[in-house]
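Enquirer: Have a look at this fold, sequence not included:
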């Protein structure tokens, strides 16, 4: 099957001009920067260096990210033979070349490139990799033909990678191409409008639509009020509890009911031993959970499997650090436990999108949830994006739920820059 490449003006510009030591495409989501890297830049750079000395390398936040963001899309375009899976020795065969694929989100990965001469490196989402890994990479691009291609979305303007980009003003050999979402003419207008509406009023609009390095400031969920409802439909399809566990910090719980494609937060627990002066034990917290869902448990009994084990009637998503309470929940016949995905920034962004899309709703009776949403703000003094860790426990429980359940997925379809005949 023949593949026809249809380039945007920005992509054609990159192919023409990106012949520097560092070549960076930075900006909005769905703007075409990553697709160009997958469909043209990486294969071309590898073939140009096929007979040259030095390692070939791909860095991403994790190996799973490299597989999902680069290798699988490459197979989708060119077929399975062009890119193998990453093996136990951390390399894949891409266009016949051995390419090391390293998750670079922590300093332990430095050892994997220390002492190497690197002929070529591609980096996926540079703002997610560890700074010390990147610093080591600088010294390893030591051959006359060494170069690095980088794609990333913008982040906090104080981020270390933004400082690196600014070093081009001091003579560092960096080619920088900046994208907005409007630089991809293949995106349908209704798709662009949907993304604009999802991110409007948040830091994500400036970053993911306009491609700006913008400080996160103000309310984290400025549109929280869009989730508030006075009524909940009858006859829930399912129930899930999400929990932010605390002993000295508050113990915070949201009960979620599923109605069609929407999850409603209908009940809450908020108990602060610090405020009351009385700490509760794990057994007492378990009793509080049983009371919260007592009417549901009357209708949903534990079932015994063919192996003599119990299937609990209600799922719980909980902060994975709550080891003692997780152990107690697993002993209970009423609850089955899933440890939460605790990705903070991804979780916040996806929760904001879930609110905007109407995927989650909150009953107006959840007074503590509303109180926290009204005071849940970014830490403007931090060098990286993070919330102020005060009055955020029900917000964390909500984030765990949205992120762990994968409630936010890419929405809509758009015409790819690659069309198949």
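Expert: Ah, there it is. All values derive from a computational prediction rather than experimental measurement. Numbering: from 1, shown residues only.
Enquirer: Tell me where the stretch 51-200 of the chain has helices.
Expert: For the stretch 51-200 of the chain, applying DSSP state H, counting those that start in this stretch gives helices covering 63-66, 72-78, 131-140, 160-166, 189-199.
Enquirer: closest one to residue 35 among the ones you listed?
Expert: helix 72-78 (7.7 Å; CB to CB). Yep, even glycine has a C-beta here, placed from its N, CA and C like the rest.
Enquirer: longest single helix anywhere in this protein?
Expert: Counting by DSSP state H, the longest helix found in the chain is helix 344-357.
Enquirer: List the contacts of that one.
Expert: 197-199, 202, 204, 220-221, 223-224, 226-227, 341, 359-360, 385-387, 398-400, 402-403, 407-408, 411 (CB atoms under 8 Å, 6 or more residues apart in numbering).
Enquirer: What subset of these is buried?
Expert: Buried by 16 or more other CB atoms under 10 Å: 198-199, 202, 204, 220-221, 224, 227, 341, 359-360, 385, 387, 398-400, 402-403, 407-408, out of the contacts of helix 344-357.
Enquirer: Surely residue 317 is in a helix?
Expert: No: applying DSSP: H, G, I helix; E, B strand; the rest coil, one finds residue 317 to be strand, outside a helix.
Enquirer: right, and it touches residue 240 too?
Expert: Yes: with contact defined as CB atoms under 8 Å, residue 317 and residue 240 form a contacting pair (6.4 Å).
Enquirer: what's the overlap in contacts for these two?
Expert: 401, 405.
Enquirer: before we move on, back to that, would you mind telling me which of the helices of the stretch 51-200 of the chain is nearest residue 56?
Expert: Nearest of the helices of the stretch 51-200 of the chain (CB to CB): helix 131-140, 12.0 Å.
Enquirer: And the closest one, what's buried?
Expert: So for helix 131-140, counting by 16+ other CB under 10 Å, buried means 133, 134, 136, 137, 140.
Enquirer: do you know how far the residue nearest the centre of the chain is from residue 382?
Expert: Central residue of the chain (CA atoms, centre = their mean): residue 346, 3.7 Å from the mean position. According to CB to CB, to the nearest Å, residue 346 and residue 382 sit 17 Å apart.
Enquirer: again with residue 150
Expert: For residue 150 relative to residue 382 (CB to CB), the value is 24 Å.
Enquirer: The two: which has the busier surroundings?
Expert: residue 150 (26 against 14; other CB atoms under 10 Å).
Enquirer: Hmm, the more buried one is touching residue 21, no?
Expert: No: Residue 150 lies out of contact with residue 21 (CB under 8 Å); the separation is 11.2 Å.
Enquirer: so how far is stretch 188-202 from its chain's centroid?
Expert: Chain-centre distance of stretch 188-202: 18 Å, with CA atoms, centre = their mean, to the nearest Å.
Enquirer: residue contacts, residue 230?
Expert: Residue 230 touches 363, 364, counting by CB under 8 Å, 6+ apart.
Enquirer: Phi and psi next, for it.
Expert: The phi and psi values for residue 230, taken as degrees, to the nearest 10, are phi -100, psi -20.
Enquirer: go on, the one 4 residues further on?
Expert: The phi and psi torsions at residue 234 (degrees, to the nearest 10) take the values phi -90, psi 160.
Enquirer: From residue 290, how far out is it?
Expert: 23 Å.
Enquirer: Can you get me a residue count around residue 63?
Expert: 17.
Enquirer: tally of neighbours for the nearest residue to it once chain neighbours are set aside?
Expert: Computed as CB to CB, 6 or more residues apart in numbering, the closest residue to residue 63 that is not its neighbour in sequence is residue 103, at 4.6 Å. The number of residues packed near residue 103 is 22, by other CB under 10 Å.
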